[in-house]
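1. Here is a sequence with its predicted model. Questions after.
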Amino acid sequence: MNDAYGLPQPIPYQGSKRQLAPAILRYFPTNIARLVEPFAGSAAISIAAAACGLAECFWINDAHAPLIDLWREITSRPNELSAAYARLWKEQADHEREFFDQVRSRFNKTPSPDLFLYLLARCVKAAVRYNSNGEFNNTPDNRRKGARPSEMQRRILSTSRLLKSATRLTSWNYKKVLSDCMPDDLVYMDPPYQGVCGQRDQRYLPRFEHDEFCDELDKLNARGILFVVSYDGRTGSKTFGEPLPVSLGLKHLEIRAGRSTQATLLGRSEVTYESLYLSPALVEALPRRARRIERQLAFWQES
């Protein structure tokens, strides 16, 4: 899976920001000492920033421990992970539906990274879903067999080259990550999406609370930490999620995410916009450099 600029995306993941990365990176400063993603998921923003040479190092965190285990394999053992995925992909031939169930059962007993990668490559909407017993319970998309092994290997190796030498990986609560951030960090946050995932995102067993999150942003402001937040949004006049409060002093922008598939199915032509919030410290430090980011990404596409 690649984005419009051909950047590698080894982890299929619902809600990934890979298509919006160029628009988001326009608001990043130059020479970031460390880019921190407390809700990393597929870490699309870190991958794009690494491809542009925007940051010296990265901190990828996600409360979902199996996801961080998968990231460790991608960055540290890309050849072994690629080979394990290839074996699974080939073993599914002619009985893909039954094989998915077998892999899911094995993962729920022993959550190894190769099994998780296979499940994400095959499941409906690449969505991480668990039942009340903590068992992965998403079903396969029978139209998809997952990326071919050669293509998956290319994505994994490309991502490993970008991130392996300068990336810290943790599976902490986001509050602990934010408390450890330093003044020269840039923090990009894409927390569980309000209004789409509902009140409880199954990836994050520690419940995510809007008011608590706002308190954490207030603390970052008080420390002068630079941060960017992807949060609420709208399709047409319908809004998703509760906006961040004006009292935080954030710069609110809207990024065009594209035409709404759901509205199109209902015969309407509506565009979805996602909100982006910039911290006061970032707005003060931000130079006018959007075109430079576009040129860097275009260079990556051509190389």
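-> In hand now; what should we look at? Since the structure is predicted, the reported quantities are computational estimates derived from the model, not experimental observations.
2. Now do residue 181 against residue 134, distance only.
-> Between residue 181 and residue 134 the distance is 29 Å, computed by CB to CB, to the nearest Å. Bear in mind the C-beta positions are built from the backbone N, C-alpha and C, glycine included.
3. Neighbour count: these two, which is higher?
-> Between residue 181 and residue 134, residue 181 has the larger neighbour count (other CB atoms under 10 Å), namely 20 against 10.
4. check contacts around the more buried one.
-> Counting by CB atoms under 8 Å, 6 or more residues apart in numbering, residue 181 touches 36, 187, 220, 223, 225.
5. redo that, cut-off 10 Å
-> Residue 181 makes contacts with 34, 36, 38, 59, 187, 219-220, 223, 225-227, as judged by CB atoms under 10 Å, 6 or more residues apart in numbering.
6. what sits against residue 158?
-> Counting by CB under 10 Å, 6+ apart, residue 158 touches 2, 6-10, 47, 51, 78.
7. didn't residue 93 look like it was pressed against residue 146?
-> No: assessed by CB atoms under 10 Å, residue 93 is found out of contact with residue 146, at 11.8 Å.
8. re the thing from before, give me the buried subset of the contacts of residue 158.
-> Neighbour-count burial (16 or more other CB atoms under 10 Å) applied to the contacts of residue 158 gives 7-10, 47, 51, 78.
9. can I get these in JSON lines with distance to residue 107?
-> Converted to JSON lines, those look like this (distance: CB to CB, whole Å):
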{"residue": "7", "distance to residue 107": "27"}
{"residue": "8", "distance to residue 107": "24"}
{"residue": "9", "distance to residue 107": "21"}
{"residue": "10", "distance to residue 107": "18"}
{"residue": "47", "distance to residue 107": "24"}
{"residue": "51", "distance to residue 107": "30"}
{"residue": "78", "distance to residue 107": "20"}
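10. Mind checking which of these land in helices?
-> 47, 51, 78 (DSSP state H).
11. List of residues touching stretch 91-100?
-> Here stretch 91-100 makes contact (CB under 10 Å, 6+ apart) with 88-89, 101-103, 118-119, 122-123, 138-142, 144-146.
12. give me that answer again for 8 Å
-> With contact meaning CB under 8 Å, 6+ apart, stretch 91-100 is reached by 119, 122-123, 139-140, 142, 145.
13. In three-state terms, label the residue lying closest to residue 231 once chain neighbours are set aside for me.
-> Nearest residue to residue 231, sequence neighbours excluded (CB to CB, 6 or more residues apart in numbering): residue 275, at 5.2 Å. Under DSSP: H, G, I helix; E, B strand; the rest coil, residue 275 falls in the strand class.
14. Please name the residues that touch residue 275.
-> Residue 275 neighbours (CB under 8 Å, 6+ apart): 230-233, 243-244, 252-255.
15. Just those residues: which are in strands?
-> Within the contacts of residue 275, membership in strands is found for 230-233, 252-255, as judged by DSSP state E.
16. Do a quick rundown of the helices in this protein.
-> Listed in chain order, the helices found in the chain under DSSP H are 21-25, 44-52, 65-76, 78-91, 96-109, 113-122, 149-163, 174-180, 210-223, 261-265, 280-285, 290-302.
17. tell me the mean pLDDT for the last one?
-> Which is helix 290-302. In this model, helix 290-302 has an average pLDDT of 51.
18. the residue most distant from the middle of the chain, which is it?
-> residue 94 (32.2 Å; CA atoms, centre = their mean).
19. gap between that residue and residue 145?
-> Relative to residue 145, residue 94 is positioned 11 Å away (CB to CB).
20. Surely residue 241 is in contact with residue 233?
-> Yes: using CB atoms under 8 Å, residue 241 makes contact with residue 233 at a distance of 6.9 Å.
21. Settle it for me: which of these two has more neighbours?
-> Using other CB under 10 Å as the criterion, residue 241 and residue 233 rank with residue 233 on top: 22 against 18.
22. Need the pLDDT of that one.
-> If you check residue 233, the pLDDT there is 84.
23. can you check residue 79 too?
-> At residue 79, the model reports a pLDDT of 98.
24. and the nearest residue to residue 12 once chain neighbours are set aside, how many neighbours?
-> Leaving out its chain neighbours, the residue that sits closest to residue 12 by CB to CB, 6+ apart is residue 126, at 3.7 Å. Neighbours of residue 126 under the rule other CB under 10 Å: 20.
25. list the contacts for residue 126?
-> Here residue 126 is in contact with 12-14, 120 (CB under 8 Å, 6+ apart).
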